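Show me the folded form of this:
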Amino acid sequence: MFSPLIKWDIYELTSVSNPLQSVKLRGRLRKLCLENNRNILVENHEKNEKKVRFAVPHGESITLIEKYLTKIIPDIKIESVRTNISNPILSKLKINLEDRYEL
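Residues are numbered from 1 along each chain as shown. Predicted coordinates for the structure are as follows:
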């Protein structure tokens, strides 16, 4: 028997004055969520080195993540880009639609 699919809310991070890739940001977010028993997905943007995306289970608060990010990156912008998505591909922001795949 399978568990129901987790639905995710996806957010995009940008900063004008701070790099977001190659600075261990993804690892820091994963560690923060591990320490606080939170689920998270984090990936770099496929085409833009100044963007990182993360996802949390649908409907969960991102207050902990927002507070942490604004503390370490004062000019961080956090934007909701998709909600209630199953099996997201964060780097490309594509959704896993069943008709895209052959069985």
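
what stretches of this structure score poorly on pLDDT?
Low-confidence segments of the chain (pLDDT under 70): 18-23, 47-49, 93-103.

those strands in the protein, which residues are they?
Secondary structure of the chain (DSSP state E): strands at 7-14, 41-44, 51-57, 77-86.

Pick the most buried one from these.
The highest average neighbour count among the strands of the chain, using mean count of other Cβ atoms under 10 Å, belongs to strand 51-57 at a mean of 21. Where you see a C-beta, it was placed from the backbone N, CA and C, and this is true even at glycine.

Dump that one to PDB, restricted to CA.
Only the C-alpha atoms of strand 51-57 are listed here, as PDB (Å, rounded to 0.1, in the frame of the first residue of the first chain):
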ATOM      1  CA  LYS A  51      17.900  32.200  -8.000                       C
ATOM      2  CA  VAL A  52      17.200  29.200  -5.700                       C
ATOM      3  CA  ARG A  53      13.900  27.500  -5.200                       C
ATOM      4  CA  PHE A  54      12.600  25.600  -2.200                       C
ATOM      5  CA  ALA A  55       9.300  23.700  -1.500                       C
ATOM      6  CA  VAL A  56       7.500  22.900   1.700                       C
ATOM      7  CA  PRO A  57       4.500  20.600   2.100                       C
END
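
just to revisit the earlier point, kindly reformat the strands of the chain as CSV and extend each row with distance to residue 32.
Shown next, in CSV, are the strands of the chain (distance: least, Cβ to Cβ, whole Å):
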stretch, distance to residue 32
strand 7-14, 13
strand 41-44, 10
strand 51-57, 11
strand 77-86, 14
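
what's the closest of those to residue 28?
Evaluated over the strands of the chain, closeness to residue 28 peaks at strand 41-44, with 9.3 Å, by Cβ to Cβ.
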